[in-house]
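In: My questions concern the predicted model and sequence given below.
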Amino acid sequence: MHATPPSLVASPSIRTFAEHCVRPCREGLRRALVGAVLFGTVSSSASAYTVTLTAAAPQSVYLQVGVGSFTNNYNIGGQPGNNTTINTVSTMVAAAVVGNGTAQAMTTDSTATQSYWDGYTYCSVPGQVYIGGFYRTTGGTTTAALVTATVPAALINATGDTIPFSKIRWTSSGNGDTGAEPFPAGTFVNGGVQNVGSMSSNTWNESCWTYSYLNNTVPPAGRFTGVVRYTLSSP
Amino acid sequence: MTTHSRGVQSAFFLACALSIIWPSPAPAKTTTIDDSGTQTIEPAVILRWKSAAPSRSGTDNRMVGSTTIRVRINVTPWLRHTGRIYLNLPAQQPGPIAASWITQGRFLPGQVHSGNRVLVYAGPITTPFMEDVLTFQFSVDGTLIRRTFPVTFHFEMDEA
C-alpha cells in the first residue's frame, strides 16, 4: 500500500563540514551544499503515499407505499428507516349504486402527505396514497430498479365470494407535479406480479395514487378484502 | 557639458532600467519529499454515501470516508533553510477526488481537489523530520466508483 522509496540523502558530511568551517571557507561550503543537494535530488525517486478507498454498502434501496420512516427530511440529512405498517384503501358502496358503472373513490388510512425529500406536501389524504423511494448504487449503472405489485387473484369475503382485483385501478399525480409520473396510473391484474413503476439509479422518485373501484358488476353483499405487496428490486 | 551631462543621465536611467528588468526571479525549485516514515493509523478508508438518499435530480452522489495518517516527512536536505511544503493530490482515477484534513498543529489544515496542491507549511526547516497526525476526509462521486481504488498523494518542497 505504501511505496517506500529510498530516502533523500541526509548528508551528515554537510553538518560536519559546516561545523568546522569559518568565514574564509564560505565559498567552499556553498559549493559543498549545492553538490549535496543536487546529489540528494538525483538519488531520490518520487515518494508518494497511497490509501485504499472502498465503498461500503454500495447499494441501498428504499420504498415507501403509504406511511414510511425517515429520521428527518433528506435535504437536512434524514436517514431512511423501516416501517412495518400496512395501510388500507377502501370504499363503501351504497346499495343503491352497486354495479351502476360509476367508479367509487377509495380512501386510505395512510397519513403520509409530505415527501421525505424536503417536507413538501405532495399528496392529499385520505384520497391519495404516497408511493416513493430511491435506488442507490455506485458505478455508472443505468438500469432502473423496478417496483412490482404482487396481486392476489381476487378480493374475498367471509363466505368465499370474490371480486376480481382488476376491478380496482389507480390514477397518479402529485401536488404541483408536471411531466410523467415514475409510478403511473394502472389497473391491478387478476393474480400475478405486475410492474407499477421504475426508478433510475440515484434519483428520488415519488407519486400519489388515487384508487377507485370500478363498480361495474354486482357482487354479493359483504366485506371483501385482499392484500397487495409492493416490492422494489434493484438490478 | 550640458549635452554630455544629459548623455550620462540617459545612460544612468538605462542602467537602472536594465537592472530592474533583467534579473528575473529564479523559479522555486520543487522537490518531492521522502515520506517513507508515514503510517496509516486506520488501514483502509471506507466510503459511505454522504446522504443515504439521493436527490430528485440525481446530482448528489458523493461518498465520503475518513482516515487518520501519521505523517513523517524527511526534510533533512532543507535543514536550516526556509521552505514551503505542499500537499499534492495528483489527478487520478476514478475521477475528481476532494480531500480535506485537520491536523494537530505542525501542518496547516486544508482541503484540495485532485490535480492541485495546497500549502501545509511555510517557514524555517529546523528539524530533520517533520511529523503530524492528519485526519483526512476523502470525497468521491459514487457513480465513478466501480471497485476498490487507491488514492495517492505526496508532499513537496518549494525551496525559498
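Out: Sure, I can see it.
In: In contact with residue 148: list those residues for me.
Out: Chain wasn't specified; assuming chain A. A:Val193, A:Gln194, A:Asn195, A:Val196, A:Tyr230, A:Thr231, A:Ser233 (CB atoms under 8 Å, 6 or more residues apart in numbering or on different chains). Where C-beta positions appear, they are placed from N, C-alpha and C, glycine not excepted.
In: Can you look at chain B instead?
Out: Contact analysis of B:Thr148 by CB under 8 Å, 6+ apart lists A:Thr52, A:Leu53, A:Thr54, A:Ala55.
In: Kindly state the pLDDT recorded for it?
Out: pLDDT recorded at B:Thr148 is 94.
In: Backbone torsions only: list them for it.
Out: With angles defined as degrees, to the nearest 10, B:Thr148 sits at phi -60, psi 140.
In: how near is it to A:Gln194?
Out: 39 Å (CB to CB, to the nearest Å).
In: hmm, back to that, buried ones among the contacts of A:Thr148?
Out: Using 16 or more other CB atoms under 10 Å in any protein chain shown as the burial test, the contacts of A:Thr148 include A:Val196, A:Tyr230 as buried.
In: so which of the contacts of A:Thr148 also contact chain B?
Out: Among the contacts of A:Thr148, no residue lies close to chain B (CB under 8 Å from any CB of the partner chain).
In: Select, from the contacts of A:Thr148, the two members most distant in space.
Out: A:Gln194 and A:Ser233 (13.0 Å; CB to CB).
In: show me which of the contacts of B:Thr148 neighbour chain B.
Out: Answer for the contacts of B:Thr148 near chain B (CB under 8 Å from any CB): A:Thr52, A:Leu53, A:Thr54, A:Ala55.
In: What's the separation between the closest residue to the second one other than its chain neighbours and A:Gly139?
Out: With CB to CB, 6 or more residues apart in numbering or on different chains as the measure, B:Val45 is the residue that lies nearest to A:Leu53, at 4.6 Å, once sequence neighbours are left out. Per CB to CB, B:Val45 is found 18 Å from A:Gly139.
In: Tell me which residue lies nearest the centroid of chain A.
Out: In chain A, the C-alpha nearest the mean C-alpha coordinate belongs to A:Phe134, at 2.2 Å (CA atoms, centre = their mean).
In: Mind listing the residues bridging to it?
Out: Using DSSP bridges, the bridge partners assigned to A:Phe134 are A:Tyr62, A:Trp204.
In: Wait, it touches A:Glu206, no?
Out: No. Between A:Phe134 and A:Glu206 there is no contact under CB atoms under 8 Å: 9.3 Å.
In: Pull out the buried members of the contacts of B:Thr148.
Out: Buried, going by 16+ other CB under 10 Å: A:Leu53, A:Ala55, out of the contacts of B:Thr148.
In: Was I right to think A:Tyr211 contacts A:Phe165?
Out: No. Between A:Tyr211 and A:Phe165 there is no contact under CB under 8 Å: 11.4 Å.
In: Tell me the one of the ones next to chain B among the contacts of B:Thr148 nearest A:Thr171?
Out: Distances from A:Thr171 to the ones next to chain B among the contacts of B:Thr148, taken by CB to CB, are shortest for A:Ala55, at 39.2 Å.
In: hang on, that closest one packs against B:Gly142?
Out: Yes. The criterion here is CB under 8 Å, and A:Ala55 meets it with B:Gly142 at 6.8 Å.
In: list residues touching both of the two?
Out: Joint contacts of A:Ala55 and B:Gly142 (CB under 8 Å, 6+ apart) are A:Thr138, B:Leu47, B:Met63.
In: mind listing which of those are in strands?
Out: B:Leu47, B:Met63 (DSSP state E).
In: Buried subset of the shared contacts of A:Ala55 and B:Gly142, written for PyMOL?
Out: The PyMOL command for the buried members of those (criterion: 16+ other CB under 10 Å) is given here:
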select buried, (chain A and resi 138) or (chain B and resi 47+63)
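In: What is the lowest-pLDDT residue among the shared contacts of A:Ala55 and B:Gly142?
Out: Among the shared contacts of A:Ala55 and B:Gly142, A:Thr138 has the lowest pLDDT, at 92.
In: Please give me every residue in contact with that residue.
Out: A:Ala55, A:Pro58, A:Gln59, B:Met63, B:Gly142, B:Thr143, B:Ile145, B:Arg146.
In: what about it, distance to A:Leu155?
Out: Counting by CB to CB, the gap from A:Thr138 to A:Leu155 is 42 Å.
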